[in-house]
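Peer 1: Let's see this in three dimensions:
(one chain, ligands or ions: 1)
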Amino acid sequence: MNMTLYQPFLDYAISTLQQRLDLALYPIPEGFERKEGIMGKGKRQEAVLTTSHGFKSPKLRQIRAAHVQGGNSLQVLNFVIFPEPNYDLPFFGADLVTLPGGHLIALDMQPLFRDDPTYQEKYTKPVLPIFEKYQQDLEWGGDFPEEAQQFFSPAFLWTRPQKDEVVETTVFSAFKEYLAAYLDLVESASPVTDKSRLDEILKAQKRYLGYRAEKDPARGMFTRLYGSEWTEEYIHGFLFDLERKLAIAN
Ligand SMILES: C=CC1=C(C)[C@@H](CC2=N/C(=C\c3[nH]c(/C=C4\NC(=O)C(C)=C4C=C)c(C)c3CCC(=O)O)C(CCC(=O)O)=C2C)NC1=O
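Peer 2: As a prediction, the model looks like this:
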């Protein structure tokens, strides 16, 4: 297995963000920039390093990545972009996971208002051609949690490739095209001023972040690696920190 499978994805994302956005650093709570741990026993013992990366820009509240490098047994890049709550932009969500059994790839522009045709026209339709292109080469990933389906768009690229080579080529190209398309949407987005619409947006953002923080599929992994106290603080204090930030602001 390629030991740094997702480093090129992270490097590409950061350089693209620097080129296309007025980027600033997003504060990472102390003790969460880098975390080392051990997984497995005896000969199968592996060091697992988790690094965090955080940025922001005028329309994007938090652009953050968690990169887990655990050699042969585990490689993860979770990269999510959270818009400022006065924009109705979707979330950019990339969950790229490699376990001994194979790869799990989830890539989407996760809608605030999934069943709203006007919203789909604005934020899903532009991505569908890219989705259709890559879906031809990437087999559907099969079932995933029913309750999570409300958070995914019709352009959700979900697949479980077996070969590293597919991740290094097709998935990487899809990641680049989804990110470019997302930044196009950001560029043309204008701030929402209508009070009731702003309330709806904030409510939808809180619902998404609340779900992800509660049902984070990585909770077990991080708890085994770094303990539950560190894990809960990482999830609520950095990975999905909107509620925490709002509590501080009020
Ligand atoms: C809205 C929900 C939502 C997701 C669940 C993920 C998309 C997603 N991620 C998944 C699985 C998954 N995702 C991760 C990793 C992470 N997922 C995260 O949200 C974060 C912050 C991760 C780490 C930094 C791992 C380690 C697994 C494998 C868990 C395991 O098998 O042990 C799955 C498979 C089903 C599952 O195990 O739950 C989906 C659908 N993106 C989303 O937006």
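Peer 1: mean confidence score for stretch 205-216?
Peer 2: The average pLDDT for stretch 205-216 rounds to 96.
Peer 1: secondary structure element for K122?
Peer 2: helix 117-123 (DSSP states H and E).
Peer 1: Tell me the residues of this structure that contact the ligand?
Peer 2: Neighbours of the ligand within the chain, by C-beta under 6 Å from any ligand atom: 66, 68, 76, 78, 93, 95, 97, 104, 106, 110, 144-145, 148, 151, 211-212, 216-218, 221, 239. Glycine gets a C-beta too; all of them are placed from N, C-alpha and C.
Peer 1: Helices - which of these land there?
Peer 2: 211-212, 221 (DSSP state H).
Peer 1: Which of the residues you listed sits closest to S173?
Peer 2: Of all these, R212 has the smallest distance to S173: 26.1 Å, by C-beta to C-beta.
Peer 1: What is the burial count for the residue nearest to that closest one when sequence neighbours are not counted?
Peer 2: Using C-beta to C-beta, 6 or more residues apart in numbering and skipping the chain neighbours, the partner closest in space to R212 is F240 (5.1 Å). The tally of other residues near F240 (other C-beta atoms under 10 Å) stands at 22.
Peer 1: Pull the contacting residues for F240.
Peer 2: 209, 212-213, 216 (C-beta atoms under 8 Å, 6 or more residues apart in numbering).
Peer 1: cutoff 6 Å now
Peer 2: Counting by C-beta atoms under 6 Å, 6 or more residues apart in numbering, F240 touches 209, 212-213.
Peer 1: go on, P85?
Peer 2: By C-beta under 6 Å, 6+ apart, the contact list for P85 reads 201-202, 205.
Peer 1: ok, 8 Å please
Peer 2: 61, 198, 201-202, 205.
Peer 1: Just to check, L183 is in contact with L21?
Peer 2: Yes. Using C-beta atoms under 8 Å, L183 makes contact with L21 at a distance of 7.2 Å.
Peer 1: how about stretch 104-121: buried residues?
Peer 2: 104-114, 119-120 (16 or more other C-beta atoms under 10 Å).
Peer 1: tell me which of these is nearest to S173?
Peer 2: Minimum distance to S173 across the buried residues of stretch 104-121 is 11.2 Å, recorded for L107 (C-beta to C-beta).
Peer 1: Hmm, P8 and V167 touching each other?
Peer 2: No. With contact defined as C-beta under 8 Å, V167 does not reach P8; the gap is 10.1 Å.
Peer 1: Between these two, which has more neighbouring residues?
Peer 2: Using other C-beta under 10 Å, the more surrounded residue of V167 and P8 is V167, with 23 against 14.
Peer 1: now that one, nearest residue through space, not along the chain?
Peer 2: H103 (5.4 Å).
Peer 1: burial count for the one you found?
Peer 2: H103 has 21 nearby residues by other C-beta under 10 Å.
Peer 1: Doesn't F32 belong to a helix?
Peer 2: No. Judged by DSSP: H, G, I helix; E, B strand; the rest coil, F32 forms no part of a helix; its state is coil.
Peer 1: got the contact list for L112?
Peer 2: Per C-beta under 8 Å, 6+ apart, neighbours of L112: 88-90, 119, 201, 204-205, 208.
Peer 1: If you rank these by neighbours, which is first?
Peer 2: Busiest of the contacts of L112 [other C-beta under 10 Å] is P90, holding 27 neighbours.
Peer 1: Show the contacting residues for that one.
Peer 2: 83, 109-112, 123, 153, 182, 185.
Peer 1: 6 Å instead, please
Peer 2: 109-111, 123.
Peer 1: Show me where the chain has its strands.
Peer 2: Along the chain, the stretches classed as strands by DSSP state E are 24-25, 34-39, 46-57, 60-70, 74-83, 91-99, 102-110, 157-159.
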